[in-house]
Each structure stands twice: as structure tokens, then as C-alpha cells.
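*Asks:* Build me a model:
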Amino acid sequence: MTYPFGAIKIDLEKAFRLPDAPPLEQPQKQDAAELSESERSTVLFEHHGV
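*Replies:* You can find the predicted model right below:
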């Protein structure tokens, strides 16, 4: 298979590699979503049971 600009497969894999995901043992801190009054009204209007 030919790759652009004479690159080899390993070079392309290194260049476009995604960062490693953190281990699942570490708890991931997640900020609570803060909604504006307008957003909150929209959610309550569109989703009656919330």
C-alpha cells in the first residue's frame, strides 16, 4: 500500500495516535452542569417528567 509523501505505516500511526485513556481505577472528577434559567426552562418544557 502506498502512503502520501513516502511515509511508512508506522510513522503515520505514531503521528496520528490518540493519547492513552486514564486507567479506570482512578475516579474521574466531573463538574456538575450548571444551567441558566433559560436553559432550565427549556429542559422542563421539553421534558415534562424531569
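*Asks:* Poorly predicted segments of this protein, please.
*Replies:* 1-2, 26-28, 30-31, 50 (pLDDT under 70).
*Asks:* just checking, what's the longest helix in it?
*Replies:* Assignment by DSSP state H gives helix 37-46 as the longest helix of the chain.
*Asks:* Would you mark the buried spots in that helix?
*Replies:* Judged by neighbour count (16 or more other CB atoms under 10 Å), helix 37-46 contains no buried residues. Just so you know, the C-beta spots here come from the backbone N, C-alpha and C atoms, and that holds for glycine as well.
*Asks:* where does the spatially most central residue of the chain fall, phi/psi-wise?
*Replies:* With distances taken as CA atoms, centre = their mean, A21 lies nearest the centre of the chain, 11.0 Å away. Main-chain dihedrals, A21, degrees, to the nearest 10: phi -80, psi 150.
*Asks:* so what's the backbone phi/psi at K14?
*Replies:* Per-residue torsions, K14: phi -70, psi -40 (degrees, to the nearest 10).
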